[in-house]
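S.K.: give the three-dimensional model of this entry:
(2 chains)
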Amino acid sequence: MDFLNPVIDGFGVVLQPTNLLYCLIGVVIGMLIGVLPGLGPAATIAILLPVTYGVEPVSAIIMLAGIFYGAQYGGTITSVLLRLPGEASSVVTVFDGYALAKQGKAGTALGVAAIGSFIGGTVSIIGLTLLAPVVAEVALDFGPPEYAALSLFGVLLVATVGNGGRTKSVIAAGLGLLLATVGRDTFTGASRFTFDTLNLADGIDFVPIAMGLFGLGEILHNLEERHRTVPAPAKITNVWPSRADLRQSSGAIGRGSVIGFVLGVLPGGGATLSSLVAYAVEKRRAKHPERFGKGAIEGVAAPETANNAAATSSFIPLLTLGIPANATMALMFGALLIQGIPPGPQLVSEHPDLFWGVVNSMYIGNILLLIMSIPMVGLFVKILRVRPAILAPITVLITLLGVYTVNNQVFDIFLVIVFGVLGYLMKKFGFEPGPLVLAFVLGSVMETAVRQSLLIFGGNPAGFFTRPISGTVLVVLIAVLALPAIRWAMRRRSVESRDEELV
Amino acid sequence: MRLIQVVSVTAAVALLTGCGGVKTTATGGDGEFPTGNIQMSVGASPGGSTDLITRAIAEGVGKELGVSVPVVNKPGANGALNAKELQSAKPDGYKIAVQNASLFTITPLAVSANEAVKLDDFDLIGGISQDDYVLLAPAASAVKSIADLKKSGKNIKYGTTGVGTGAQLASALAFKQAAIPATDVPFDGGAPALTALLGSQVDVATIQVGDSIAQIKAKKVVPLAVFSAERIKFLPEVPTAKEQGYDVVVSQYRFLTAPKGTPEPVKAKLLDAAKKTFATEAYKKFNDDHCLTPIEGSPDEVRKILDEYATKYKAQLDQYQISLGKK
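M.R.: Residues are numbered from 1 along each chain as shown, chains lettered A, B, ... in the order given. Model prediction:
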């Protein structure tokens, strides 16, 4: 029971009125910035950092953490309503979320996403409470070879998540992989496809690609559609998920929580991969996988649950090892230093009040977010009642503004327009942008990891199979790839033998 | 109704980003400076050392001069993108930036000439601080010094914070001088390199002291050498590479710059405000927290430090036939 004492003390810390207030401020700001594409939690926390100087350490970190996971809730809203995924981890949500919104079921999608996010977040916090130190040690076994294997797995999954033809998905994914090679080679410093502009030296940013292909592409396509037919205004049939919807998504939420927690611990890219894996698992398990992409509620529940669970578990490396897993965590690191609390392996033992205060504040924050989300759902779905003639220009404006705020570069605005046109053309010719965007994100992870691994192995590719985790992933991968071929061969043989019998 | 919502959210974000659109009517180099906001741009994402240093200085300079000093992140090409923008900005003191020495002294050794940035294209305001590198091994390994690495007799896989960084240069020089066969494994910054080291994915790694001090203190990693000229106060018991017999002195150094042609009185005023910031307890604590050694020299001193580094690195790379870019 000694173990539980600091946990309970932690609740004492959170339930102080000031800390509750900071938690509320944090999640409200987080949700707002999450709604806006572009401006992410990292930039917001950077701006608010000076505000935290005068605040108690625990309160400051509780607020900043709230911004981070609050943003995950907010990101769903634009993905579903406007087809604008604010972060790589919500790209998958767009597939079914936007399809549901078009059918007038935006409320269902947002409601299920909110509930899934709440459950995923909470499961992950429980995992964080009980398993943090153990999980952190295991995560260290994930080196470049494991990332290489996992991202390869991810890229292959991409081809199965698209709901256009398989060939078209593969073509789009191939384009995504090519786009990922743009920029300065991280190993030799050579410039690749940068056309001598420094703006491309670091490659293309995720945000202009996603905003252009999904958001602008959709708007351009709608413009054309409207010339042909007068669309009936989207009816909003139900604002809240029915009991059947909830029953249908319960499995997806459960599996998404676990997938998100596990993959989120991995530093870098965990959240995106988890949302993709969660979606693919649901599609594979479904009796009617063809529903996916056309408004399957599990297709929203699974990735939204997973990315929230992943956002929470990405705190584990920071709080237990002192390693910031992403830009937002790097700022948390800075915030802790300012408060005179160096984040590191000794944080839990030296500052248990801070550790447990922050962890427990996430329980409260998630409940606050759920409570806020419910009335918000009704409010946000009304956006769809706005006439496209008014909504579209506002969306374009917000998109361009959002894209600019990421790197403060006008160049990115042009980039988003280029990708908008590409998105329009893709939609017109029946290509899905999803596989492109996901392959783009995973492609750069894969390239770096493969090349790092080969350096570590001294150039011997057999090294991937000598390590337990990367070896297992690759063997499973090969088995999955080979399975259809073997099955086909078996069926063929049985058909042949039957033919022989007939003769 | 809904329009108002959207607009109000946009307004909230505009406030958050600080892009309030305040007009900066510069009058030039008279005593009036500053009459408007001073923008400090950062050639890196939020959260990195350069970003945090800029924010700490912006806070102090803003208070000192009585104007707001918004910080704008313009990441890209190791800071070259931001440098080029600053270079073409109006030289009136309303746009300044903290820049890294490595951009001028090391990166040009690794990237193509048209991406390189020259120091002569900027006016220097003053020096800020030095950020040192430390060579680390996992706690589990028996290695305690560079000599131990040599004794192991195997090809050492070393993690660095990326191509064209001080970490890469320092490790390459050290291994070459010690005649240790070694392979460079670049990571995207300190955190992933440290993660790989903690998981023993690489044999050793060179990382900024501020990024690894907590793990060193927790004895999760063992420091083998610091690459500064003398021992640093944050790791007093760790010998320098020089003490161990290798002529490797590589540090990151940051300084305040303005576009070329900024009037002297404006620069003097900015330097004065920066110096007053440096003298505050809060800023001194910031330096200590991030393991930064203040070297708050004059523009001439900064230029001298940078020139010395640049000449020395170039000569050493030629001498040991090391190519950072591996083209």
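S.K.: quick check: which element contains A:Leu64?
M.R.: Secondary structure from DSSP states H and E places A:Leu64 in helix A:57-82.
S.K.: by contact count, what packs against that helix?
M.R.: helix A:17-35, helix A:41-48, helix A:91-102, helix A:106-140, helix A:298-313, helix A:327-338, helix A:352-381 (3 or more CB pairs under 8 Å, 6 or more residues apart in numbering or on different chains; DSSP states H and E). Backbone N, C-alpha and C define where each C-beta goes, glycine included.
S.K.: angle of the first one against helix A:57-82?
M.R.: Interaxial angle of helix A:17-35 relative to helix A:57-82 (axes from the mean of the first three to the mean of the last three CA atoms, to 10 degrees): 30 degrees.
S.K.: counting neighbours, which bits of helix A:17-35 end up buried?
M.R.: Residues of helix A:17-35 classed as buried under the neighbour-count rule (16 or more other CB atoms under 10 Å in any protein chain shown) are A:19-20, A:22-35.
S.K.: before we move on, what about the last one?
M.R.: Within helix A:352-381, the residues that qualify as buried by neighbour count (16+ other CB under 10 Å) are A:352, A:354-366, A:368-370, A:372-373, A:376-377, A:380-381.
S.K.: check the longest one too.
M.R.: Within helix A:106-140, the residues scored as buried using 16+ other CB under 10 Å are A:106-125, A:127-129, A:132, A:135-136, A:139-140.
S.K.: tell me how far that helix is from the chain's mean position?
M.R.: Put simply, helix A:106-140 sits 13 Å off its chain's centre (CA atoms, centre = their mean, to the nearest Å).
S.K.: tilt between that helix and helix A:91-102?
M.R.: 170 degrees.
S.K.: for the stretch 201-350 of chain A, what spans make up the helices?
M.R.: A:206-210, A:217-228, A:243-264, A:270-285, A:298-313, A:315-316, A:327-338, A:347-350 (DSSP state H, counting those that start in this stretch).
S.K.: most tightly surrounded among the ones you listed?
M.R.: When the helices of the stretch 201-350 of chain A are scored by mean count of other CB atoms under 10 Å in any protein chain shown, the highest mean neighbour count falls to helix A:298-313 (a mean of 35).
S.K.: rewinding a little: among the helices of the stretch 201-350 of chain A, which is nearest B:Gly189?
M.R.: With respect to B:Gly189, and counting by CB to CB, the nearest of the helices of the stretch 201-350 of chain A is helix A:327-338 at 8.7 Å.
S.K.: are that closest one and chain B in contact anywhere?
M.R.: Yes - using CB under 8 Å from any CB of the partner chain, helix A:327-338 reaches chain B at A:327-331, A:333-334, A:337-338.
S.K.: distance to B:Leu136 and pLDDT for those - can I get that in TSV?
M.R.: Converted to TSV, the residues of helix A:327-338 next to chain B look like this (distance: CB to CB, whole Å; pLDDT from 0 to 100):
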residue	distance to B:Leu136	pLDDT
A:Ala327	23	77
A:Thr328	25	82
A:Met329	20	85
A:Ala330	19	83
A:Leu331	24	85
A:Phe333	18	85
A:Gly334	21	83
A:Leu337	19	81
A:Ile338	25	78
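S.K.: can I get those in TSV with distance to A:Ala101?
M.R.: Shown next, in TSV, are these (distance: CB to CB, whole Å):
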residue	distance to A:Ala101
A:Ala327	30
A:Thr328	28
A:Met329	32
A:Ala330	35
A:Leu331	33
A:Phe333	38
A:Gly334	38
A:Leu337	43
A:Ile338	42
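S.K.: just these now: which is nearest chain B?
M.R.: For those, the minimum distance to chain B (CB to the nearest CB) is 3.2 Å, reached by A:Ala330.
S.K.: A:Thr44 versus that closest one, what's the distance?
M.R.: 14 Å (CB to CB, to the nearest Å).
S.K.: for A:Ser453, same thing?
M.R.: 35 Å.
S.K.: between those two, which has more neighbouring residues?
M.R.: Using other CB atoms under 10 Å in any protein chain shown, the more surrounded residue of A:Ser453 and A:Thr44 is A:Thr44, with 27 against 24.
S.K.: which non-adjacent residue is nearest that one?
M.R.: In this structure, A:Thr44 finds its nearest non-sequential neighbour in A:Ile33, 5.0 Å apart by CB to CB, 6 or more residues apart in numbering or on different chains.
S.K.: so where's the stretch 201-350 of chain A uncertain?
M.R.: A:226-239, A:267-269 (pLDDT under 70).
S.K.: what residues does it put near chain B?
M.R.: When proximity is defined as CB under 8 Å from any CB, the stretch 201-350 of chain A approaches chain B at A:201-202, A:267-268, A:317, A:321-325, A:327-331, A:333-334, A:337-338, A:340, A:342-346.
S.K.: count of neighbours near residue 242?
M.R.: No chain in the question, so chain A it is. Counted with other CB under 10 Å, A:Ser242 comes out at 13.
S.K.: could you do chain B instead?
M.R.: As a burial measure, B:Lys242 scores 17 neighbours (other CB under 10 Å).
S.K.: for A:Leu321, same thing?
M.R.: Neighbours of A:Leu321 under the rule other CB under 10 Å: 29.
S.K.: spatially nearest residue to the residue of the stretch 351-500 of chain A found nearest chain B, not counting backbone neighbours?
M.R.: Nearest residue of the stretch 351-500 of chain A to chain B: A:Leu455, at 4.7 Å (CB to the nearest CB). Excluding the flanking residues, the one nearest A:Leu455 by CB to CB, 6+ apart is B:Val185, at 4.7 Å.
S.K.: for the chain, give me the ranges with low pLDDT.
M.R.: Because you didn't say which chain, this covers chain A. Short version for chain A, where the test is pLDDT under 70: A:1-3, A:38, A:162-164, A:226-239, A:267-269, A:496-503.
S.K.: meant chain B actually
M.R.: Within chain B, the segments meeting pLDDT under 70 span B:1-31, B:326-327.
S.K.: strands of that one, start to end?
M.R.: For chain B, the strands defined by DSSP state E cover B:39-42, B:71-73, B:95-100, B:122-138, B:156-160, B:182-186, B:204-208, B:221-226, B:251-259, B:292-294.
S.K.: want to try JSON lines for those strands, with distance to B:Asp51 and mean neighbour count as columns?
M.R.: Formatted as JSON lines, the strands of chain B follow (distance: least, CB to CB, whole Å; neighbours: other CB atoms under 10 Å in any protein chain shown):
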{"stretch": "strand B:39-42", "distance to B:Asp51": "5", "mean neighbour count": "22"}
{"stretch": "strand B:71-73", "distance to B:Asp51": "7", "mean neighbour count": "23"}
{"stretch": "strand B:95-100", "distance to B:Asp51": "9", "mean neighbour count": "26"}
{"stretch": "strand B:122-138", "distance to B:Asp51": "13", "mean neighbour count": "24"}
{"stretch": "strand B:156-160", "distance to B:Asp51": "21", "mean neighbour count": "25"}
{"stretch": "strand B:182-186", "distance to B:Asp51": "21", "mean neighbour count": "22"}
{"stretch": "strand B:204-208", "distance to B:Asp51": "14", "mean neighbour count": "28"}
{"stretch": "strand B:221-226", "distance to B:Asp51": "24", "mean neighbour count": "23"}
{"stretch": "strand B:251-259", "distance to B:Asp51": "11", "mean neighbour count": "24"}
{"stretch": "strand B:292-294", "distance to B:Asp51": "13", "mean neighbour count": "19"}
